[in-house]
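**Student:** Okay, sequence plus prediction incoming.
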Amino acid sequence: MVQVKRQDRRKVYEYLLMEGVIVIKKDMALPVHQETGVKNLEVWMLLRSLRDKKLVDLVFSWQYYYYYLKAEGVKYVRDKLGIVEDVIPATFKKADKKFEDDVPEQRRGPRGNKPFGRGGNRGPRRAEEGTETAQQQQ
């Protein structure tokens with residue numbers, strides 16, 4: 001069991017509460033965690049403890065641990081830090097972006113606002129071609 005100083009624990013919890021997610025490289029020999037300034041091993045042990053209490057979710061990918069704070073975890077961390085409820089993690093906030101407006105005009109396809117599909121612009125459909133030739137013959 002690793003003993004963690006109170007101020008180091010507070011730094012990790014404050015960062016986790018502000019961001020909503022914390023990323024830890026799977027290298028326990030790292031002297032310091034980049035975002036918090038606390039030893040990497042201590043950060044990992046604190047987050048592992050929170051995961052055992054089911055307060056954070058863990059995703060492991062490409063030698064990095066991604067710990068996401070749950071709603072119950074937000075309440076727990078607020079109680080530990082003694083913070084009022086007006087602080088919301090960044091991952092809990094809604095994005096105000098409209099993704100349709102991000103596409104420039106020149107990248108839009110012939111069907112209006114929809115960009116070209118998987119095959120690009122292939123011209124008219126075969127069924128439409130057949131009806132046009134039948135109408136022209138009459």
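**Tutor:** Alright, I've got the coordinates.
**Student:** for this protein, what are the low-confidence residue spans?
**Tutor:** Residues of the chain meeting the criterion pLDDT under 70: 1, 95-138.
**Student:** The chain: strands as residue ranges?
**Tutor:** Using DSSP state E, the strands of the chain run over 21-25, 56-61, 64-69.
**Student:** now the ones you listed in a markdown table, with mean neighbour count?
**Tutor:** Just so you know, the C-beta spots here come from the backbone N, C-alpha and C atoms, and that holds for glycine as well. Shown next, in a markdown table, are the strands of the chain (neighbours: other Cβ atoms under 10 Å):
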| stretch | mean neighbour count |
| --- | --- |
| strand 21-25 | 18 |
| strand 56-61 | 13 |
| strand 64-69 | 18 |
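**Student:** Tabulate those strands (a markdown table), appending distance to residue 15.
**Tutor:** A markdown table is the format used below for the strands of the chain (distance: least, Cβ to Cβ, whole Å):
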| stretch | distance to residue 15 |
| --- | --- |
| strand 21-25 | 6 |
| strand 56-61 | 13 |
| strand 64-69 | 11 |
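**Student:** what's the burial count for the nearest residue to residue 74 once chain neighbours are set aside?
**Tutor:** Sequence neighbours aside, residue 89 is the residue nearest to residue 74 in space, at 6.4 Å (criterion: Cβ to Cβ, 6 or more residues apart in numbering). When neighbours are defined as other Cβ atoms under 10 Å, residue 89 has 18 of them.
**Student:** Residue 89 reaches residue 20, doesn't it?
**Tutor:** Yes - here residue 89 lies in contact with residue 20, judged by Cβ atoms under 8 Å, at a distance of 3.0 Å.
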